[in-house]
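# How does the following fold in three dimensions:
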Amino acid sequence: MASALRLALRKATPARSAFAATRFASTSAKQSTLKERLAELIPAEIENVKAIRAEHGQKTFGQVTVDQVYGGMRGLPALLWDGSVLDPEEGIRFRGKTIEECQAALPKAPGGSEPLPEGLFWLLLTGEIPTPEQVNQLSKEWAARAALPEFVEEIIDRCPGTLHPMSQFSMAVTALNHDSSFAKAYSEGISKKEYWGHTFEDSMDLIAKLPNIAGRIYQNVYGKGKPAPIDPSKDYSWNLAHVLGFSDNEAFVELMRLYIVIHSDHEGGNVSAHTGKLVGSALSDPFLAFGASLNGLAGPLHGLANQEVLVWLRKMQDKIGSNASDEAVKEYVWSTLKGGQVVPGYGHAVLRKTDPRYTAQRAFALKHLPEDPLFKLVGQVYNIVPDILLEAGKAKNPWPNVDAHSGALLTHYGLHQMQFYTVLFGVSRAFGVAAQLIWDRALGAPLERPKSYSSEAIKKMFANRK
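Numbers count the residues shown, from 1 in each chain. This is a model prediction of the structure:
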């Protein structure tokens, strides 16, 4: 039904999207800033949305089942977000581009082979591939905005080392609301047409300051000092690696570039993305909205998944050894299932094939760390687990997702502190949440207010129906 609906909308839409019409505009001689380019795109996209609503506004996506109401709204079509779409068969696309296409098309650092997240953010916002000059300018702008207010540094420094890094992360991001451009402008009574500009400024500040927040948390909890300073001549991922103390390893910097890109966005309905959109719909500024996103990301069923994968792999190694036979791995997998546990990192709420984000990480590992014992085990598990899950009838999708691989890569480069992994996920997810908030304000998205029913009301509703 979903694919048929997408095809029908493409055929029936009277006006081409502003993104489709200007996809390659960045190849022109003019080197617009991101904010300037976005300002050019917004009017046409507003008209495009009006046209879609005028022609299709009263049409229905289909029935809502009682199971969907009780089942966490799984698969319920209820949100708008053009930045990324998750297809059950092919995985995530960012503005219509697959991960492989993004890797090929987006600008890269000198000597690097992975796409720069700056380019991915530009793509999420505009639907266009930026020039290297535009990406370089964005790198410099984020570096210039990276400094933290002293009181935010003090908040982090005063946190006990026993407080989970994600709790510290959420506190620091929320505290940035103190200097929110949007909150200040709203209190002074700005026009709705100006909402997006102030949301853009806050979002740029938010993304720019995340490496310093993450680095300060990491050094306070696990290190012996303060994070290294941001280098204005370097790109965003290099600076993130630098504040963590890993910038001397170019492969780790490359991993950060890939990691941020593939974790940046995953459609609008996952917990962190939807939380940011929901809180933002109340006109909460991006700092408050993203702080809420982080609290959702910290949950075991969302951002902690790669940590659980790594724990499971380590336990397997402890029990059957680092170079175990396929038969020993099979026995361990079966023991996991028979013990009433799931195999972490396998299955997905939407995907029905191997997650392309897993594939991208596997390709990275084959290039940079093919002999790593943990990577070899991850590959061994990949060859074994799907058939077992199918045999056991445990999953509609028995294939690995993004979390099945990321922990092994981070561990290889010496980032062993698993509780910190979700912070890296949070830095990445800010790109998608921020882009969505900016467009919601540009398009005048309303306050979210879905209807809820009681169990008794549902029973009465269907009392006389077969």
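# Show the pLDDT at the nearest residue to residue 177 once chain neighbours are set aside.
Closest residue to residue 177 apart from its sequence neighbours, by Cβ to Cβ, 6 or more residues apart in numbering: residue 287 at 4.2 Å. No exception for glycine: its C-beta is placed from N, CA and C like everyone else's. pLDDT for residue 287: 98.
# what residues does the helix or strand in which residue 287 is found touch?
Using DSSP states H and E, residue 287 falls within helix 286-297. For helix 286-297, contacts defined as Cβ atoms under 8 Å, 6 or more residues apart in numbering pick out 166, 169-171, 173-177, 180, 182, 199, 202-203, 206, 271-273, 275-280, 284, 302-303, 422, 425-426, 429-430, 433-434, 437.
# Quick one: mean pLDDT over whichever helix or strand comes after it.
The first helix or strand that comes after helix 286-297 along the chain, using DSSP H and E, is helix 305-320. Mean pLDDT, helix 305-320: 92.
# Remind me what the helix or strand following helix 305-320 packs against, helices and strands.
Counting by DSSP H and E, the next helix or strand C-terminal to helix 305-320 is helix 326-338. Judged by 3 or more Cβ pairs under 8 Å, 6 or more residues apart in numbering; DSSP states H and E, helix 326-338 is in contact with helix 305-320, helix 373-392.
# Residue 125 and residue 436, how far apart?
Note on residue 125: its distance to residue 436, by Cβ to Cβ, to the nearest Å, is 10 Å.
# tell me, what's touching those two both at once?
Residues touching both residue 125 and residue 436 by Cβ under 8 Å, 6+ apart: residue 83.
# rewinding a little: determine which of the helices and strands packed on helix 326-338 approaches residue 141 most closely.
Nearest of the helices and strands packed on helix 326-338 to residue 141, taken as Cβ to Cβ: helix 305-320 at 30.4 Å.
# Show me what that closest one is in contact with.
Helix 305-320 is contacted by residues 300, 324, 328-329, 331-332, 336, 343-345, 373-374, 377-378, 381, 401-404, 406-408, 411, 418-419, 421-422, 425 when judged by Cβ under 8 Å, 6+ apart.
# ok, 6 Å please
When contacts are defined by Cβ atoms under 6 Å, 6 or more residues apart in numbering, helix 305-320 is touched by residues 328, 332, 344-345, 377, 403-404, 406-407, 418, 421.
# Buried subset of those residues as a PyMOL selection?
PyMOL command restricting these to the buried ones, with burial defined by 16 or more other Cβ atoms under 10 Å:
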select buried, resi 332+344+345+377+403+404+406+407+418+421
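# what's the farthest-apart pair in the contacts of helix 305-320?
328 and 421 (27.1 Å).
# Quick one: mean pLDDT over the strand or helix carrying residue 45.
In the assignment (DSSP H and E), residue 45 maps to helix 34-56. Averaged across helix 34-56, pLDDT comes to 96.
# Could you list every helix and strand in contact with that helix?
Secondary-structure packing of helix 34-56 (3 or more Cβ pairs under 6 Å, 6 or more residues apart in numbering; DSSP states H and E): helix 18-21, helix 117-126.
# Going by neighbour count, which residues in the very next helix or strand once past it are buried?
Using DSSP H and E, the helix or strand that follows helix 34-56 in sequence is helix 66-70. Buried residues in helix 66-70, counting neighbours by 16+ other Cβ under 10 Å, are absent.
# Tell me the helix or strand right after helix 66-70.
As assigned by DSSP H and E, the chain's next helix or strand after helix 66-70 is strand 84-87.
# Could you pull up the mean pLDDT of that following strand?
Here strand 84-87 scores 89 as its mean pLDDT.
# Identify the residues contacting the helix or strand just after that strand?
Heading C-terminal from strand 84-87, the first helix or strand you meet, by DSSP H and E, is strand 91-94. For strand 91-94, contacts defined as Cβ under 6 Å, 6+ apart pick out 84-86, 102, 123, 266, 355-356.
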